[in-house]
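> Got a predicted structure plus its sequence, pasted below:
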Amino acid sequence: MIRRSFTPIATLPPALAVLVFLLPLLAPAADAGFVTGIDPSRTVHLADPANNLSVTAVVPEVFENSIGATYTFTLEGANDTQAATYGVEITVSPADPDTHRTWNATVSVPPGSSTTHVSVSIPALTINGTQANAPFRVALAYANGTPADSVDLSIDLLYHSPPPDGGLFQLAVASGFFWGLVFLYALHLQKAQARLQARADALEGSLEGRSKEGRESGENR
Amino acid sequence: MGTSPAALGGSGLRFVRLKRPLLAAAAGLLFVDLYLSLLWVPSLTLGFSAPVAQRIFYFHLGAAITSYAAFAVNFAASIQVLRTGRPAFDTLARDAAGLALLFVAQALIAGSLWGWAEWGVAWRFEDARLDTYLVLALVFVGYFAARRQLRSAEGREATAAAYAVVGFVLVPLSYLSIYFWQSLHPRVISPGGQGIGPEGGMAVGLSVVGFLLLFLALLAWRTDLSRLEAQVASLQQGAEG
């Protein structure tokens, strides 16, 4: 049996493993925004602890310019939540005054335990340019505009430049393919019909000839 | 080998006789629709980065809806095969499925060309509508492969019919997929969609009617061919006998 001496460094990997395991438990308290999950279910968590309100919104890691995006915020009140009006806001490049863009919506939360939804949409074709890890902020604000909570994260902006001809080439190919396919199929049916008709006529002729021969040989006998 | 439409009764023969009027009506409607779709309807610029390619939608939708209708005919005929065992319904099911694949090919290619212009890629595998529609197409390609494999096997009609009935489940699944799952496929005329305006509505309505008539015309033509195939087979037997 081999006996190994104990070295303190050997405790490092298990300690790291325990730390990694405990990391989610060390997440910020509910009064500060945080992010959980990974794409496409990456979820932003915001809160107004003074009113016992929690807010979540799914924010995928990619925004496609050609499609746009709708972010749905879910506001959950507890038994002691008071009726209040909030603003929810999403901001692209919050620190850059040149490219900074904001979209927001207002929502009223009823008193007591409840779930309220509100959506903020970034329409298609509004953010130009492809940028990986663009700064992105999701925020909750009181009715007077005072920030209640926010979280900063990043998003990949994908921009597909529109075709210069507006897609005329694709339209032409699609139209040609469409009618070409119908034409070829009709041609195939036409040819098959002609072939079958010729075969039927030949067989009928051969049968008629045979019956005529039979009749003649009968008469001769 | 096909089975005569006469085996379907007088309605089969009447349907075959409608081939030419149906073809003429479909050609007329689709010609008018081509003008409306390509030139008359105003471009939809809101929400589209390729407004010219967006016009593909007007015939893409007609082909897609007609493919669903053709699958429905295949489904109804397959049910009749299982119920009655009459080979004429098997022929009808086969012809409807073949035409369904023709319209599927049109819808898929046109949709991919639109995606190429609008999204920059022809296909997006994360899209539920695209994927379910492609699976539907592949299932019915498999339907023909199975028929070919079972060409001389006993009970081929019933097996093919059962396969088609099960495969038909994918039709409502494909249609409703944009409501069940996250989908990039545009919702243009669906509830909550962005709408296409009265001119667009007219073009798309005409397209759907035109494609449905084209399907009926081609089905009548195909049924007529089946009649000829049956006639040739019977004459062949007479000549050999």
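Alright, I've got the coordinates.
> count of neighbours near residue B:238?
Using other Cβ atoms under 10 Å in any protein chain shown, residue B:238 has 13 neighbouring residues. (Each C-beta comes from the backbone N, C-alpha and C, glycine too.)
> Locate it within the secondary structure: which element?
For residue B:238, the element it lies in under DSSP states H and E is helix B:197-240.
> elements contacting that helix?
helix A:168-220, helix B:10-17, helix B:19-35, helix B:56-84, helix B:87-118 (3 or more Cβ pairs under 8 Å, 6 or more residues apart in numbering or on different chains; DSSP states H and E).
> Show me the residue at the heart of chain B, geometrically.
For chain B, the residue nearest the mean C-alpha position is residue B:67 (2.2 Å; Cα atoms, centre = their mean).
> Is it correct that that residue is in contact with residue B:103?
Yes. Between residue B:67 and residue B:103 there is a contact under Cβ atoms under 8 Å: 3.8 Å.
> Find the residues that touch each one of the two.
Any residue near both residue B:67 and residue B:103 by Cβ atoms under 8 Å, 6 or more residues apart in numbering or on different chains counts here, and not one turns up.
> Distance to residue A:157 and mean pLDDT for the helices and strands packed on helix B:197-240 - can I get that in JSON lines?
Conversion of the helices and strands packed on helix B:197-240 to JSON lines gives the following (distance: least, Cβ to Cβ, whole Å; pLDDT from 0 to 100):
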{"stretch": "helix A:168-220", "distance to residue A:157": "24", "mean pLDDT": "85"}
{"stretch": "helix B:10-17", "distance to residue A:157": "56", "mean pLDDT": "70"}
{"stretch": "helix B:19-35", "distance to residue A:157": "38", "mean pLDDT": "89"}
{"stretch": "helix B:56-84", "distance to residue A:157": "27", "mean pLDDT": "94"}
{"stretch": "helix B:87-118", "distance to residue A:157": "17", "mean pLDDT": "92"}
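> Including distance to residue B:238, could these go into CSV?
Listed next are the helices and strands packed on helix B:197-240 as CSV, based on distance: least, Cβ to Cβ, whole Å:
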stretch, distance to residue B:238
helix A:168-220, 6
helix B:10-17, 22
helix B:19-35, 27
helix B:56-84, 28
helix B:87-118, 20
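> quick one: which of those is nearest residue B:196?
Of all these, helix B:56-84 sits nearest to residue B:196, with 7.8 Å by Cβ to Cβ.
> Just give me the neighbour total for the residue of chain B found nearest chain A.
Residue of chain B nearest chain A, by Cβ to the nearest Cβ: residue B:53 (2.3 Å). Residue B:53 is flanked by 28 other residues according to other Cβ under 10 Å.
> wait, doesn't it sit right on residue A:172?
No. At 9.7 Å, residue B:53 does not count as touching residue A:172 under the criterion of Cβ under 8 Å.
> Residue A:86 falls within a helix, correct?
No. Secondary structure of residue A:86 (DSSP: H, G, I helix; E, B strand; the rest coil): strand, not part of a helix.
> Who are the contact partners of it?
Applying Cβ under 8 Å, 6+ apart, the residues near residue A:86 are A:48, A:53, A:55, A:75, A:106-109, A:140-143, A:148.
> Let me know the pLDDT of it.
Looking at residue A:86, its pLDDT is 95.
> Listing request: residues of chain A with sub-threshold pLDDT.
A:1-31, A:39-40, A:218-221 (pLDDT under 70).
> now the helices: where do they sit in it?
A:12-22, A:168-220 (DSSP state H).
> any idea which of these is most buried?
Each of the helices of chain A was scored by mean neighbour count; the highest is helix A:168-220, a mean of 14, by mean count of other Cβ atoms under 10 Å in any protein chain shown.
> Which elements pack onto it?
helix B:56-84, helix B:87-118, helix B:197-240.
> Those helices into TSV, with extra columns for distance to residue B:22?
Below are the helices and strands packed on helix A:168-220 laid out as TSV (distance: least, Cβ to Cβ, whole Å):
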stretch	distance to residue B:22
helix B:56-84	13
helix B:87-118	13
helix B:197-240	4
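> Out of those, which is closest to residue A:203?
Closest among the helices and strands packed on helix A:168-220, once you apply Cβ to Cβ, is helix B:197-240, at 3.8 Å.
> Can you check what angle separates the closest one from helix A:168-220?
With axes from the mean of the first three to the mean of the last three Cα atoms, to 10 degrees defining the directions, helix B:197-240 sits at 30 degrees from helix A:168-220.
> Tell me what angle helix B:197-240 forms with helix B:19-35.
Using the same axes, to 10 degrees: helix B:197-240 against helix B:19-35 is 150 degrees.
> can you pull the contacts of residue 117?
In the absence of a named chain, this looks at chain A. A:72-75.
> you looked at the wrong chain, it should be chain B
A:163, A:166-167, A:169-171, B:50, B:52-53.
> Got phi/psi on whatever residue of chain A ends up closest to chain B?
Closest to chain B within chain A is residue A:167: 2.3 Å, counting by Cβ to the nearest Cβ. Dihedral pair for residue A:167: phi 100, psi 20, per degrees, to the nearest 10.
> Quick check: nearest residue in space to it, chain neighbours excluded?
Distances taken as Cβ to Cβ, 6 or more residues apart in numbering or on different chains put residue B:53 closest to residue A:167, at 2.3 Å, once the chain neighbours are dropped.
> now swap in residue A:64 and tell me
In space, residue A:64 is closest to residue A:158, 4.8 Å off (Cβ to Cβ, 6+ apart).
> dump the residue contacts of the one you found.
A:62-65, A:130.
> Tabulate those in JSON lines, adding columns for distance to residue B:205 and neighbour count.
Shown next, in JSON lines, are these (distance: Cβ to Cβ, whole Å; neighbours: other Cβ atoms under 10 Å in any protein chain shown):
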{"residue": "A:62", "distance to residue B:205": "36", "neighbour count": "13"}
{"residue": "A:63", "distance to residue B:205": "35", "neighbour count": "22"}
{"residue": "A:64", "distance to residue B:205": "31", "neighbour count": "19"}
{"residue": "A:65", "distance to residue B:205": "32", "neighbour count": "23"}
{"residue": "A:130", "distance to residue B:205": "39", "neighbour count": "13"}
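> out of those residues, which one sits closest to residue B:227?
Using Cβ to Cβ, the contacts of residue A:158 come closest to residue B:227 at residue A:64, 52.3 Å.
> residue contacts, the closest one?
A:158, A:160, B:119.
> Check residue B:210 too.
B:26, B:29-30, B:33, B:62.
> interface residues of chain A facing chain B?
A:40, A:64-68, A:123-125, A:160, A:162-163, A:165-171, A:173-175, A:177-178, A:181-182, A:185-186, A:189, A:192-193, A:196-197, A:199-200, A:203-204, A:206-207, A:210 (Cβ under 8 Å from any Cβ of the partner chain).
> Confirm for me that residue A:79 is in contact with residue A:113.
Yes. Proximity of residue A:79 to residue A:113 meets the contact threshold set by Cβ under 8 Å, at 5.2 Å.
> who's more crowded, these two?
residue A:113 (12 against 9).
> Residue B:100: how many residues sit nearby?
Quick note: residue B:100 (other Cβ under 10 Å) scores 25 neighbours.
> Cheers, nothing more for now.
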